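J.: Next input, structure requested:
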Amino acid sequence: MRVPRSAAGLLVGLILFGGCTSTEPSASPDGVAPSAPPLVVIPPGVVSSQSAQQVAQKMLAEIAANERTLGRVLAPAHIIRIQLLQPGETYLMTHLDGTNPGGSGMSPDGGPGWMVEATGTFFHKDRQTGQIDAQGTHGFHLWDDVGSESFGFIPCWTVGPAPPAELEGRCP
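T.: The predicted model follows:
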């Protein structure tokens, strides 16, 4: 179910995400200006101990930390969607073009959970070498009410060869 964007929701979105805009006139890889408010989806009857605002702030903090660690910005930080998932509900990690070649998704482990989908700076480090082996501009993070979390991103670059259908966009 999509929650309509009301004037109050738009105001909250602008207050929350207004600080994410750049002084440069650019758009995120999803083609939406970084200041556009996210779509927030809360199914009827599903409640959480966290708010959409709290998980949005967590995601923006994660992206900012990734930028500091990587030493550059791969894409402007922009929250695309925040969705409260019911226990056992799966959120598919689809590419911005709507495809999901690997069929991957995430589901809360216990109780409801918030899925945040965003564009920004995401990367993976090899645990053995400490070297960055993948980078991406489209990420997902799930926080559930029992304290579990899952995260992932769709890479635009990998050290090793990857099927083109599993990559998305270009890394700058």
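J.: what sits against residue 167?
T.: 154, 155, 156, 157, 158 (C-beta atoms under 8 Å, 6 or more residues apart in numbering). For the C-beta atoms, the positions are set from N, CA and C on the backbone; glycine is no exception.
J.: and the second one, what is it in contact with?
T.: Contacts for residue 155 (C-beta under 8 Å, 6+ apart) come out as 124, 134, 135, 136, 162, 166, 167, 168.
J.: Need the phi and psi values for residue 109.
T.: For residue 109, the backbone dihedrals (degrees, to the nearest 10) come out as phi -70, psi -40.
J.: coming back round to it: and the contacts of residue 167, which of them are in strands?
T.: Taking DSSP state E as the definition of strands, the contacts of residue 167 contribute 154, 155, 156, 157, 158.
J.: hang on, the third one packs against residue 139?
T.: No: with contacts counted by C-beta atoms under 8 Å, residue 156 stays clear of residue 139, the gap being 11.2 Å.
J.: neighbour-wise, which of the two wins?
T.: residue 139 (24 against 20; other C-beta atoms under 10 Å).
J.: Which residues does the helix or strand containing residue 67 contact?
T.: Using DSSP states H and E, the element containing residue 67 is helix 52-70. Residues outside helix 52-70 that contact it (C-beta under 8 Å, 6+ apart): 12, 16-17, 20, 38, 40, 42, 73, 77, 79, 82, 84, 114, 116, 118, 120-123, 132, 135, 139, 141, 143, 151.
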